[in-house]
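Novice: sequence and predicted structure are below.
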Amino acid sequence: QVQLGESGGGLVQTGGSLRLSCAASGRTSFSGYAMGWFRQAPGKEREFVAAISWSGGSPGYADSVKGRFTISRDNTKNAVYLQMNSPKPEDTAVYSCAARVGGIYGAWNYWGQGTQVTVSS
């Protein structure tokens with residue numbers, strides 16, 4: 001069974017930076033798996049943040065984070081990362097890691113528990 005575990009959340013000031021990590025386990029290889037980040041703020045629906053394919057090419061981003069957040073992965077460690085630069089208070093949310101077989105578009109099959117990110121102004 002695929003398991004995803006996030007880390008790196010916390011309190012960050014506007015204009016600072018934060019790096020989230022997600023470790024995948026339960027398989028010897030995640031070849032062919034896309035990985036993504038989603039977030040959910042209090043009282044709001046969960047929304048897509050960024051996703052990356054197995055090869056790492058052409059990652060996708062939500063318009064709200066383009067140019068500020070960068071998704072990357074290390075397939076040797078079965079890990080995916082989200083570098084958050086110049087965060088804004090509206091980026092405050094629980095950030096969850098997700099995985100799916102195939103490309104970055106479509107339903108996501110596996111989810112982590114999430115890590116809280118709070119951005120103070």
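Specialist: Looks like it came in fine. Just so we're clear, the structure is a prediction, and the values are computed from it rather than from any experiment.
Novice: tell me the confidence at the most centrally placed residue in the chain?
Specialist: Nearest to the geometric centre of the chain sits Trp37, at 2.5 Å (Cα atoms, centre = their mean). At Trp37 the predicted local confidence, pLDDT, stands at 98.
Novice: wait, isn't Val117 in contact with Val12?
Specialist: Yes. Val117 lies in contact with Val12 (Cβ atoms under 8 Å); the separation is 7.0 Å. Just so you know, the C-beta spots here come from the backbone N, C-alpha and C atoms, and that holds for glycine as well.
Novice: quick revisit: next, the contact list for the residue nearest to the centre of the chain, please.
Specialist: By Cβ atoms under 8 Å, 6 or more residues apart in numbering, the contact list for Trp37 reads 20, 22, 49-51, 71, 80, 82, 95-98.
Novice: ok, now with 10 Å
Specialist: Contact analysis of Trp37 by Cβ atoms under 10 Å, 6 or more residues apart in numbering lists 6, 20, 22, 48-52, 61-62, 65, 69, 71, 80-82, 84, 95-98, 112.
Novice: and for Arg68?
Specialist: Counting by Cβ under 10 Å, 6+ apart, Arg68 touches 17, 61, 83-88, 91.
Novice: how about a cut-off of 6 Å?
Specialist: With contact taken as Cβ atoms under 6 Å, 6 or more residues apart in numbering, Arg68 is in contact with 85-86.
Novice: coming back round to it: so for Val117 and Val12, which sits in the more crowded spot?
Specialist: Just comparing Val117 and Val12: by other Cβ atoms under 10 Å the higher neighbour count belongs to Val117, 22 against 17.
Novice: which residue packs closest to the more buried one, ignoring adjacent ones?
Specialist: Nearest non-adjacent residue to Val117, counting by Cβ to Cβ, 6 or more residues apart in numbering: Gly9, 4.9 Å away.
Novice: so that neighbour makes contact with Gly112?
Specialist: No. Counting by Cβ atoms under 6 Å, Gly9 stays clear of Gly112, with 11.2 Å between them.
Novice: now the residue nearest to the centre of the chain: closest residue in space that isn't a chain neighbour?
Specialist: Leaving aside its chain neighbours, Trp37 sits nearest to Val49 (4.3 Å; criterion: Cβ to Cβ, 6+ apart).
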